[in-house]
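>>> Have a look at this fold, sequence not included:
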């Protein structure tokens, strides 16, 4: 049976993983913007090649790491099913143990089929 401390740790780690990915994508966008605004001619072959690699990396990373994927949703589903099986309602478990989850985890949890009440979100 999962402890409230372990639940909080797992939910925070999942939310932070998604959040970290979002920050990384922001850096790729900044890099692309700086490259576009640079004084190097837009017809320069190396500039175009670098811009293309940045675009490809961004699209791959968003698809693989930022958008909720089946593996992440399966983890959340199993976590929430465990809580339901051992404790009953997820929101009752959270509120009775004083657990506030991060918004990103609450959003992912909804996608996995488990609504988290706003009173249980930081």
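Sure, I can see it. These numbers were taken from a predicted model, which means no experiment stands behind them. Numbering: from 1, shown residues only.
>>> Determine the longest helix present in the protein.
helix 4-36 (DSSP state H).
>>> Give the buried residues for that helix.
The neighbour-count check on helix 4-36 (16 or more other Cβ atoms under 10 Å) flags 7-8, 11-12, 14-15, 18-19, 21, 24-25, 28, 32 as buried. Heads up, the C-betas are built off the backbone N, CA and C, glycines and all.
>>> same deal with stretch 74-91?
Residues of stretch 74-91 classed as buried by neighbour count (16+ other Cβ under 10 Å): 76, 77, 79, 80, 83, 87, 90.
>>> Narrow these to those in helices?
When DSSP H defines the helices, the subset of the buried residues of stretch 74-91 inside them is 76, 77, 79, 80, 83, 87, 90.
>>> Now for residue 59, how many residues are close by?
12 (other Cβ atoms under 10 Å).
>>> so what's residue 122 closest to, chain neighbours aside?
Closest residue to residue 122 apart from its sequence neighbours, by Cβ to Cβ, 6 or more residues apart in numbering: residue 100 at 4.4 Å.
>>> Contact partners for the one you found?
Taking Cβ atoms under 8 Å, 6 or more residues apart in numbering as the criterion, residue 100 is in contact with 94, 120, 121, 122.
>>> Within its local environment, how many residues does the third one see?
Looking back up the chat, that one is residue 121. Applying other Cβ under 10 Å, we find 16 residues neighbouring residue 121.
>>> Distance check, residue 53 against residue 81.
41 Å (Cβ to Cβ, to the nearest Å).
>>> Let me fix that, I meant to ask about residue 27.
For residue 27, the distance to residue 81 (Cβ to Cβ) stands at 36 Å.
>>> now swap in residue 60 and tell me
Note on residue 60: its distance to residue 81, by Cβ to Cβ, is 31 Å.
>>> Residue 107 and residue 113: what is the separation?
For residue 107, the distance to residue 113 (Cβ to Cβ) stands at 13 Å.
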